[in-house]
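In: Got a predicted structure plus its sequence, pasted below:
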Amino acid sequence: MPVRDTVTPATERPDAATLIGDVATRLREAGSESPRLDAELLVGHAFGRDRAWLHAHPDASLSASDAAALAGWVDRRVAGEPIAYIRGFKEWFSLRIATDHRALIPRPETELLASTAIGEISARLIRDNDPIRAWEVGTGSGAVVLAVALRFGTAAALSRVHLAASDISAEALELAAENLAAHGAAGLVALACGDLLEPPALPGGSVDLLIANLPYLTTEEAAAGVGSLAWEPRDALDGGRDGLDLLRRLVSHLPERLAPGGAALLEIGAGQAAAVRELAEALPIRVAVTVLPDLAGIERVVRVERR
């Protein structure tokens, strides 16, 4: 039974458990790959509660207005719109990241980029006395730089860490600013709108750490628009014919922007590690390249250190 048909007088309103079952059935019939999870997330959103609360309160019922809102969200999910856009946020790295059509939805695999950047800065704070300059290129929703800023808020306030983030999209940068402000980190990160490393988000010289999750899908993959990709901004997905156009450009500028002893952390797509390693090792500077796998065992982050 479609959720829309269950919006009836209060005495006949379905409980949470019934709603979840009805929504899951509709999503399954629509081809969802995770109908039960999607149903729990949408029903929980209607109640303003998480999934644990739903399981503890299976007899709870919605008001007519909330049930009507849920029906609309289910229609949107049936049409293929990602849950993160419907709810307006994504739980990522233990943070609630605001999400909408201005930027990509943060992926679980990108948590490796954030944790690696945090580890990199932590090691440098212990080892070095000089301030650390870190810049995220292509910040999108701002999720990664937000995670870093929250971890090093005190160090940033004491000018031990200088953080910046940039994006070519002014709309994405606006979303990043909103996410930073929502978590009380607006004053910890300098934001700049520009194409890759121009203009510099951290004026005054080279940086110790570059962090980048640039578009790395091929044009063909981006055009296919499978799943949530059909709803996300194309410019944030399309990495050119082989997926490496922007990574190629960024790597070529490392000699100018990366300080001696500095490192670049680059998120990549499956099967791209060898090509990115080759690009880095062809630079006119000495580098050490390592590749880190994500939890699925896929080579996900390339670390390029300038010797």
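Out: Everything's here; your move. Small disclaimer: the values here were computed from a predicted structure and weren't measured. Numbers count the residues shown, from 1 in each chain.
In: Next, R303: secondary structure please.
Out: R303 carries the three-state label strand when classified by DSSP: H, G, I helix; E, B strand; the rest coil.
In: And W135, by the same measure?
Out: Secondary structure of W135, reduced to three states by three-state DSSP: strand.
In: got it, and G187?
Out: Judged by three-state DSSP, the three-state class of G187 is helix.
In: Which neighbours in the sheet does the lengthiest strand in the chain have, and how are they oriented?
Out: For the chain, the longest strand by residue count, based on DSSP state E, is strand 258-267. Paired strands of strand 258-267, with direction, are strand 207-212 (parallel), strand 299-306 (antiparallel) (DSSP bridges).
In: Which of the residues in the helix or strand hosting R77 are classified as buried?
Out: Using DSSP states H and E, R77 sits within helix 64-78. Using 16 or more other CB atoms under 10 Å as the test for burial, helix 64-78 gives 66-67, 70-71, 73-78. To be clear about C-beta, it is placed using only N, CA and C from the backbone, and glycine gets the same treatment.
In: and the gap between the residue nearest in space to the middle of the chain and D294?
Out: Closest to where the C-alpha atoms of the chain average out (CA atoms, centre = their mean) is P106, at 2.1 Å. Applying CB to CB, to the nearest Å, the value for P106 to D294 is 14 Å.
In: circling back: with pLDDT and distance to H57 added, can I get the buried residues of helix 64-78 in TSV?
Out: Below are the buried residues of helix 64-78 laid out as TSV (pLDDT from 0 to 100; distance: CB to CB, whole Å):
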residue	pLDDT	distance to H57
D66	97	14
A67	96	16
L70	98	16
A71	97	20
W73	98	19
V74	98	20
D75	98	25
R76	97	25
R77	97	22
V78	97	26
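In: where along this protein do the helices fall?
Out: Assigned by DSSP state H, the chain shows helices spanning 16-29, 35-47, 51-56, 64-78, 83-87, 111-127, 143-151, 153-157, 170-182, 219-224, 245-252, 254-257, 273-281.
In: coming back round to it: tell me which residues of the longest strand of the chain are tucked away?
Out: For strand 258-267, the neighbour count (16+ other CB under 10 Å) marks 258-259, 262-267 as buried.
In: Over to stretch 224-243?
Out: Neighbour counts over stretch 224-243 (16+ other CB under 10 Å) mark 228-229, 231-233, 236-240, 243 as buried.
In: how many other residues sit next to Q272?
Out: 22 (other CB atoms under 10 Å).
In: List the residues that contact it.
Out: Going by CB atoms under 8 Å, 6 or more residues apart in numbering, Q272 touches 216, 243-244, 247, 299.
In: Present the residues you listed as CSV; the columns should include pLDDT.
Out: Below are those laid out as CSV (pLDDT from 0 to 100):
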residue, pLDDT
Y216, 98
G243, 98
L244, 98
L247, 98
E299, 98
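In: Nearest to D50 among those?
Out: Closest approach to D50 among the contacts of Q272 (CB to CB): Y216, at 32.3 Å.
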